[in-house]
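Visitor: this one's sequence-less:
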C-alpha cells in the first residue's frame, strides 16, 4: 500500500502570478470575497461599497490561481454589465477572462437550450419572441376565441401578456395573481385561463418561445433531466450571480439546480435595495440563500466610497428599522459633511419653490445641474415641480414613468377644460366626442362641423339631433359643460368633470383604471393652486422639457440639465446633491401600496435606495395639509420611515416666506 503525504492548506499569497496585489487593491471585506474559492458565499454589498470591483477582482483571482475560465459562469441582469466586468477583469489579468461564460439568465438559457433543447421536446431552431411579438400573438388568439367583441370588456393584449409573464416569474398560478394584483379582472379569469392554454399550444406548435419560456424550459431541463443537469453543473464549477436581490424565484431555482454537483456559488447583492417586486423580484431569495445553500459564508461590504458619514448615519438609521434584514453599518473615510435636512413645506407649491431656489443656490456654489437630482416615489409627484422649474428656466430631464401631461387620461380631462376656455377648439372637441359610446371618427367630424357653424358650440350641442347611445352621450356632455361654465374656479371645473369622466375612464381603461384614477385625483389637487382657468391651461400647454431640453437653456449651456427621476430608475446612480420630495405619510408610503407587511417593507427600502444616491447633500421634503381624495384624509405627517429620527441625524427645517420673515425681523 502506497504511503500518503498530506498537503497542508495554506493561505494563497496576496500577490498573484500576474502581479496583482489583491490586499493592496481591495479593502479587507472585498479581499475576503474576491479571494474565496470553494463553497457557497453570500456577499451583502451595501450601497456604494464597490460591489462591481469585488466581482471583477474575483473573476481575475480565480483565473489567476489556475481555474479554467470556461468553468466560470457570471450571471448579470444586462449583457452590458457582464461584458464590462469581463473587460475589466481582462485588463487586470489577461485575455483568458474572455472565455468566461458571462451574460443574462435569458441569454444563458438560450445557449443551453440550443444544445439540449430536444431533451425537453424543443427543436434547436426555435424562434424567440420579444414582448411586442408575444402581445401580437395574444391579440390574434384573443380574436380567434371571440374575446375582442365590443359587447364585452376584456383586458388589452399588453395587460394579458403582463399577467402571464408575472405569474411565471413569481411562480404563482394565474388565479393567485389575479386575486392579488388584478382583483377587478376576476370576472375574466375563466377566459384568461382558456386563452393561456391556447397561447401555450400556439407557441408549442410553431417552435416559438417568449422570454419567460427560456427560463421555464431551462428549469424543466435541469429539474427533469439528470444527465443534462450533471453535465452542466460539472461544466460550470464556479457560479457568480450579480444583483441577487433582484432575482425572481424561478431564477433562484435555476441557480440551485446548476450547482447540483458542487456548492461553489457566490451571489452578490443587498437586501436593503430589493425594490423590484413589481417586476417579479423576490426579496426572499437573498434572505433564504443560507437555507438554500447550507454552510454558506456571509461577507458584508460596509465601507462606502460614495457618501459622507452624516448621510450614511441617516441611511443606516432608516434601514435599521426594517423588520427583516442582514445587519450592516455603512461607514466612510469622508467623516465631515452637512447633516441631511428634513424640510417641511406649507404646500406642494411651497415645496417646489424651495427645491428650485436651493438648486439655483447650489449651482451658484459650483455644483453643476447634471450632478443634482430630484427623486420621487411616483412619476406624478414631480408634476408641480416641473411647472416651477419651467417657470424659472431651469432645464431638466425626467427619467422613469410617463410624462404626466402625456398620459391619455390627463389629456382627456384637459380637453374638456380647453373647451370651457375656448368653445371653438375643434381639436379638443374631437378628443372629447371620441370618448362617447357610438361616436366614431366620421360622426365626430360631422358633429364638430355642425357645432362650429356659428354661435356658442355648447348651445348647439344641446340641440344636436341623434339617436340611442349617441343622443344620451351628447345630452350628458352638454349638461356637464353647462354646469362647469358656471363654476368660479378651475378646481370646481375639475371636480364636476371628474364625476363625469370616471365612468368613461373605467370603460376605456378597464385593466388599470385604479392607477389612472390616482393620477386624476392628483391633477384635481393641482388645480386648486389656480384662480384662472386660462392660467392653468397655459401652464399645462408648455413644451415638455424632456422633448426639447435645448429650448430651456441654463446659464451655462454646457453644464447639462437637472435630473428628475423615479427612485426605481435612479438605482445604481449617484449625484452630488439629492432632493427626495413628497416624503409624506400617505404618499410615501402611499396608503395604496401597504396592503401587506412585505409591501410596506419594500417602500422602506425604496427610501433607503433614494437616500444612498447622495454624495454630499441630502434634502428630504414634504408638504403638509394635503387633502387626499382617495382616503378623504388630510395628510400632514412626515413619512413613518423618517418620523422620530433624532435631529442630529436629520435636521428639521421650516420654510418661511420672505415677507413673513421680514415681519419677524422688525
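Guide: In hand now; what should we look at? The structure displayed is predicted, hence computed values, not measured ones.
Visitor: CA atoms for contacts and neighbours, from now on please.
Guide: Will do.
Visitor: what sits up against the helix or strand hosting residue 192?
Guide: Assigned by DSSP states H and E, residue 192 belongs to helix 189-205. Outside of helix 189-205, the residues within contact range by C-alpha atoms under 8 Å, 6 or more residues apart in numbering are 137-138, 141-142, 145, 147, 160, 164, 174-175, 178, 209.
Visitor: most surrounded residue in the residues you listed?
Guide: When neighbours are counted by other C-alpha atoms under 10 Å, residue 142 leads those with 25 neighbours.
Visitor: wait, isn't that one in contact with residue 154?
Guide: No. In this structure, residue 142 is not within contact of residue 154 by C-alpha atoms under 8 Å, at 9.3 Å.
Visitor: Doesn't residue 620 lie inside a helix?
Guide: No. According to DSSP: H, G, I helix; E, B strand; the rest coil, residue 620 belongs to no helix; its state is strand.
Visitor: who touches both of residue 142 and residue 154?
Guide: residue 148.
Visitor: hmm, back to that, residue 66: which of the contacts of helix 189-205 is nearest?
Guide: For the contacts of helix 189-205, the closest approach to residue 66 (C-alpha to C-alpha) belongs to residue 209, at 38.1 Å.
Visitor: How about that closest one: which residues does it bridge to?
Guide: Under DSSP bridges, the beta-bridge partners of residue 209 are residue 128.
Visitor: Break down the stretch 1-150 of the chain into its helices, ranges please.
Guide: 22-25, 28-35, 51-64, 79-92, 105-116, 131-144 (DSSP state H, counting those that start in this stretch).
Visitor: among those helices, which is nearest residue 384?
Guide: Evaluated over these, closeness to residue 384 peaks at helix 131-144, with 33.6 Å, by C-alpha to C-alpha.
Visitor: Report the distance from that closest one to the chain centre.
Guide: Distance, stretch centre to chain centre, for helix 131-144: 25 Å (C-alpha atoms, centre = their mean, to the nearest Å).
Visitor: That helix packs against which elements?
Guide: Contact here means 3 or more C-alpha pairs under 8 Å, 6 or more residues apart in numbering; DSSP states H and E; on that basis helix 131-144 packs against helix 157-170, helix 189-205.
Visitor: can you give me the strands for the stretch 251-400 of the chain?
Guide: 265-269, 297-301, 341-345, 372-376, 396-399 (DSSP state E, counting those that start in this stretch).
Visitor: Columns mean pLDDT on top of those strands, output as JSON lines?
Guide: Compiled in JSON lines, those are given as follows (pLDDT from 0 to 100):
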{"stretch": "strand 265-269", "mean pLDDT": "97"}
{"stretch": "strand 297-301", "mean pLDDT": "97"}
{"stretch": "strand 341-345", "mean pLDDT": "95"}
{"stretch": "strand 372-376", "mean pLDDT": "96"}
{"stretch": "strand 396-399", "mean pLDDT": "86"}
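Visitor: I'd like the ones you listed laid out as a markdown table, including mean neighbour count.
Guide: A markdown table is the format used below for the strands of the stretch 251-400 of the chain (neighbours: other C-alpha atoms under 10 Å):
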| stretch | mean neighbour count |
| --- | --- |
| strand 265-269 | 25 |
| strand 297-301 | 19 |
| strand 341-345 | 22 |
| strand 372-376 | 26 |
| strand 396-399 | 22 |
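Visitor: Select, out of these, the one closest to residue 603.
Guide: Per C-alpha to C-alpha, nearest to residue 603 of the strands of the stretch 251-400 of the chain: strand 372-376, 11.8 Å.
Visitor: So in that sheet, which strands flank that closest one, and in what orientation?
Guide: Partner strands and pairing direction for strand 372-376 (DSSP bridges) are strand 562-566 (parallel), strand 575-580 (parallel).
Visitor: I'd like those written out as JSON lines, with mean neighbour count added.
Guide: Output for the strands paired with strand 372-376, formatted as JSON lines (neighbours: other C-alpha under 10 Å):
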{"stretch": "strand 562-566", "mean neighbour count": "22"}
{"stretch": "strand 575-580", "mean neighbour count": "23"}
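Visitor: Identify whichever of the ones you listed lies nearest to residue 84.
Guide: Nearest of the strands paired with strand 372-376 (C-alpha to C-alpha): strand 575-580, 21.9 Å.
Visitor: State the mean pLDDT of the closest one.
Guide: Mean per-residue pLDDT for strand 575-580: 97.
Visitor: helices and strands around the following helix or strand past it, which ones?
Guide: Downstream of strand 575-580, the first helix or strand assigned by DSSP H and E is helix 597-611. Judged by 3+ C-alpha pairs under 8 Å, 6+ apart, helix 597-611 is in contact with helix 309-320, helix 567-570, strand 575-580.
Visitor: re the thing from before, is it possible to export the strands of the stretch 251-400 of the chain to TSV including distance to residue 435?
Guide: Output for the strands of the stretch 251-400 of the chain, formatted as TSV (distance: least, C-alpha to C-alpha, whole Å):
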stretch	distance to residue 435
strand 265-269	48
strand 297-301	56
strand 341-345	39
strand 372-376	32
strand 396-399	30
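Visitor: Show me the one of those strands that comes nearest residue 590.
Guide: strand 372-376 (11.9 Å).
Visitor: Next, the buried residues of the strand or helix carrying residue 634.
Guide: Using DSSP H and E, residue 634 falls within strand 633-635. Neighbour-count burial for strand 633-635, counted by 16 or more other C-alpha atoms under 10 Å, picks out residue 635.
Visitor: Can you give the strand pairings for it, parallel or anti for each?
Guide: strand 626-628 (antiparallel).
Visitor: residues contacting the spatially most central residue of the chain?
Guide: Nearest to the mean C-alpha position of the chain, counting by C-alpha atoms, centre = their mean, stands residue 568 at 3.7 Å. Listed by C-alpha under 8 Å, 6+ apart, the contact set of residue 568 reads 275-276, 400, 606.
Visitor: In helices only, show me the residues you listed.
Guide: residue 606 (DSSP state H).
Visitor: Stretch 287-299: end-to-end distance?
Guide: Length of stretch 287-299, first residue to last, C-alpha to C-alpha, to the nearest Å: 14 Å.
Visitor: Many thanks, I have nothing further to ask.
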